[in-house]
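**Q** the sequence isn't on hand, but the structure is:
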């Protein structure tokens, strides 16, 4: 579990947190709080944990995220670049309408499958990304 | 002894002016001739000018008032003091104490004495005249210094900082100091009063009238605002105080920096020029100078300074400067140059360069020169009858995370505008990104540098202006679409989304820069959904399109 703070209820407003689970061969990262510069280290560490066991895909759960700024977008881009290099698909669910709009504007949704819930995301993320280099 | 100063001697040679005589230094118990007036045309002057040696006054037969005066004063013998051929004084002697006549030896002695004394007296005269000239020069210089001091005291120490505008000013007093002045007055509602004026006359009196006018305008402008009323009131106050033969020309304008709307009235000052896209217009409004006559009324006009427009306010010192052949620089030339040069500072530089070439080397400036320019870099068009409200204005320190403070305060301030949920979220993202940009790039994360946030709204638009202290550098970059493919391939940094996000979150994005600040202006059109943001995509079901 990364970082030590876990769960939305334990977090102060704004603090980023991430929990990692594995389900059906997919690494699931539950994200909390704000995704900004402070999320840099914890998000990377969460990804490391999520890909332990070499899953085909990684799913990001945004249901408990209340703020993503441009630095957060850059972190997600970095995470996505790393997953693509490793040939892993990345899916996401729980995005608010606003952040779905931002994912569309930034074209992130061209590379990250956006799903309505965890089950569909896990199924979707099982599809290997194009150009994977595993 | 009577001395005749060189100024008198020169005067006597040129014209007939009243001479001045001086008493012989008093010595107790000795003869002392009281001062005797010698008129310049008195024949005694001519007589002594052509005489050497001691002269018995009793032997003189001249129709001379001075002669009568000298005799009445008890003078018996006069020895002319001549230096280099000029009569510079008279050595006046009373009767000998022995009551005997002056002997030939006495006269010889006096003649020799006069020959030796004259050059010394002449030197003393020159020293005294020089000292008097120095004192006079010092007095004039002192007066000039006082006038300059008064005048400079009332010139603005710094120019107003108007987002979206570049304000520039140039002021150069003539040696004798005219009565030019200019001023910027902060007015209610974010308006700015702009004053350019000129007091007739020079020196301390003009400076004092300028100071009075300055104070009157400063006192009345915030209260009355309307330019015609301000000038009417200033005239009422000044006409009672104005010294004879003095008056003040003055242009007073009120600018709304956010819309470019300008209201102005003119008390006989030079007409301002506005250049826009190469065309020059004159801002004419009629009115008499201040302080001439009571009960004056001033016409008030309105103009709009659009983005790209530059207004020039100027005093006589420029247009009425003369070249070596006495030709005047002229208002048409000033107007033409205003249209030929883009930008306020560039215009001032060009005008001064042209003036320098026109007047040539060694030109002594005839009058004060004052130039004030307002260059409009970014405003939205003025909308008549649509009052704008200031919803909030605050600053945050340049520390990471403070963009959230800005978001919260803006969100609280716009709560009554009826924005939809998505509009609020887009605005929050735009405000956060613009504030972050200001903190990181404009203020380089220096906590002591504030980021200013100003939120205004009218019926049509909500506007958020975010200002940092990073002016005077390169302008904000053009907003480009980030290349996600290149970022994912590791060919570009994953960062660089800020301005792109902002642009897509609001209906209009304007940026401007001046010497000290960057300004990002976010505009949200009210009463309808913004059209620039992409529609939110639908969620994918269990079988989404495969991502790329």
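**A** Yes, it's here. The structure displayed is predicted, hence computed values, not measured ones. Numbering: from 1, shown residues only, chains lettered A, B, ... in the order given.

**Q** from now on I want contacts and neighbour counts done on CA atoms only, so please keep to that.
**A** Fine.

**Q** counting contacts, what elements does the lengthiest helix in chain B pack onto?
**A** Taking DSSP state H as the assignment, the helix of chain B that covers the most residues is helix B:104-153. Using 3 or more C-alpha pairs under 8 Å, 6 or more residues apart in numbering or on different chains; DSSP states H and E as the contact criterion, the elements in contact with helix B:104-153 are strand B:77-83, strand B:86-93, helix B:203-224.

**Q** need the residues of chain A near chain B, please.
**A** A:69-71, A:73-75, A:77-78, A:80-82, A:84, A:97-98, A:100-102, A:104-116, A:119-121, A:123-124, A:127, A:129-130 (C-alpha under 8 Å from any C-alpha of the partner chain).

**Q** try it again with 7 Å
**A** Residues of chain A found near chain B (C-alpha under 7 Å from any C-alpha of the partner chain) are A:69-71, A:74, A:77-78, A:81, A:97-98, A:100-101, A:104-105, A:110-116, A:120, A:124, A:129-130.

**Q** from those residues, which land in helices?
**A** Using DSSP H, those in helices are A:70-71, A:74, A:77-78, A:81, A:97-98, A:100-101, A:104-105, A:120, A:124.

**Q** pLDDT value on the residue nearest to the spatial centre of chain A, please?
**A** Residue closest to the average C-alpha location in chain A (C-alpha atoms, centre = their mean): residue A:60, at 2.8 Å. Residue A:60 carries a pLDDT value of 96.

**Q** the helix or strand hosting it pairs with which strands, and in what direction?
**A** Using DSSP states H and E, residue A:60 sits in strand A:57-68. In the sheet, strand A:57-68 lines up against strand A:26-35 (parallel), strand A:89-93 (parallel) (DSSP bridges).

**Q** list just the one of the ones you listed that sits closest to residue B:505.
**A** Closest approach to residue B:505 among the strands paired with strand A:57-68 is made by strand A:26-35 (18.4 Å; C-alpha to C-alpha).

**Q** report the next helix or strand after that closest one in sequence order.
**A** The C-terminal neighbour of strand A:26-35 among helices and strands, as given by DSSP H and E, is helix A:40-50.

**Q** poorly predicted segments of chain B, please.
**A** For chain B, the stretches flagged by pLDDT under 70 are B:1-33, B:177, B:380-387, B:472-477, B:513-516, B:528-548.

**Q** and the helices in it?
**A** Going by DSSP H, chain B shows helices at B:6-14, B:43-49, B:65-72, B:104-153, B:203-224, B:227-241, B:316-319, B:331-340, B:344-359, B:403-413, B:421-437, B:484-488, B:498-505.

**Q** would you list those in a markdown table and tack on mean neighbour count?
**A** Below are those laid out as a markdown table (neighbours: other C-alpha atoms under 10 Å in any protein chain shown):
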| stretch | mean neighbour count |
| --- | --- |
| helix B:6-14 | 15 |
| helix B:43-49 | 17 |
| helix B:65-72 | 18 |
| helix B:104-153 | 15 |
| helix B:203-224 | 20 |
| helix B:227-241 | 21 |
| helix B:316-319 | 21 |
| helix B:331-340 | 18 |
| helix B:344-359 | 17 |
| helix B:403-413 | 18 |
| helix B:421-437 | 23 |
| helix B:484-488 | 17 |
| helix B:498-505 | 23 |
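
**Q** tabulate those helices (TSV), appending distance to residue B:391.
**A** Converted to TSV, the helices of chain B look like this (distance: least, C-alpha to C-alpha, whole Å):
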stretch	distance to residue B:391
helix B:6-14	75
helix B:43-49	88
helix B:65-72	89
helix B:104-153	36
helix B:203-224	21
helix B:227-241	26
helix B:316-319	43
helix B:331-340	37
helix B:344-359	31
helix B:403-413	6
helix B:421-437	15
helix B:484-488	38
helix B:498-505	20
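
**Q** what is the burial count for residue 52?
**A** With no chain named, the answer covers chain A. Neighbour count of residue A:52, defined by other C-alpha atoms under 10 Å in any protein chain shown: 11.

**Q** the intended chain is chain B.
**A** Residue B:52 has 15 nearby residues by other C-alpha under 10 Å.

**Q** what's the local residue count around the closest residue to chain A within the stretch 151-300 of chain B?
**A** Distance from chain A to each residue of the stretch 151-300 of chain B (C-alpha to the nearest C-alpha) is smallest for residue B:163, at 25.5 Å. By other C-alpha under 10 Å, 25 other residues sit near residue B:163.

**Q** now the nearest residue to residue B:430 once chain neighbours are set aside: how far from residue B:521?
**A** Nearest residue to residue B:430, sequence neighbours excluded (C-alpha to C-alpha, 6 or more residues apart in numbering or on different chains): residue B:502, at 4.5 Å. Here residue B:502 is placed at a distance of 10 Å from residue B:521 (C-alpha to C-alpha, to the nearest Å).

**Q** just residue B:149 next, same as before
**A** The value you get for residue B:149 to residue B:521, if C-alpha to C-alpha is used, is 41 Å.

**Q** what does residue B:137 give?
**A** Using C-alpha to C-alpha, residue B:137 is found at 57 Å from residue B:521.

**Q** same check, this time on residue B:183
**A** 27 Å.

**Q** cool, and residue B:443?
**A** On the measure of C-alpha to C-alpha, residue B:443 and residue B:521 end up 17 Å apart.

**Q** for stretch A:45-65, what is the distance to the chain centroid?
**A** 6 Å (C-alpha atoms, centre = their mean, to the nearest Å).

**Q** any residues touching that stretch, and which ones?
**A** A:2, A:8, A:18, A:20, A:25-34, A:88-95, A:121-122, A:125-126, A:128 (C-alpha atoms under 7 Å, 6 or more residues apart in numbering or on different chains).

**Q** got the helices and strands packed on helix B:104-153 as a markdown table, with distance to chain A columns?
**A** Shown next, in a markdown table, are the helices and strands packed on helix B:104-153 (distance: least, C-alpha to the nearest C-alpha, whole Å):
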| stretch | distance to chain A |
| --- | --- |
| strand B:77-83 | 95 |
| strand B:86-93 | 94 |
| helix B:203-224 | 43 |
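
**Q** would you format those as a markdown table with distance to residue B:248 included?
**A** Formatted as a markdown table, those follow (distance: least, C-alpha to C-alpha, whole Å):
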| stretch | distance to residue B:248 |
| --- | --- |
| strand B:77-83 | 53 |
| strand B:86-93 | 49 |
| helix B:203-224 | 8 |
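
**Q** for chain A, what are the nearby residues on the stretch 351-500 of chain B?
**A** B:422, B:425, B:433, B:488, B:489, B:494, B:495, B:497, B:498.

**Q** the same query, at a cut-off of 6 Å, please.
**A** B:488, B:494, B:495, B:497, B:498 (C-alpha under 6 Å from any C-alpha of the partner chain).

**Q** list the contacts for the second one?
**A** Yep, that's residue B:494 we're talking about. Contacts for residue B:494 were tallied using C-alpha atoms under 6 Å, 6 or more residues apart in numbering or on different chains; they are A:74, A:77, A:78, B:487.

**Q** how near is it to residue A:75?
**A** When residue B:494 is compared with residue A:75 (using C-alpha to C-alpha), they lie 7 Å apart.

**Q** let me know the closest of the ones in helices among the residues of chain A next to chain B to residue B:233.
**A** residue A:70 (54.7 Å).
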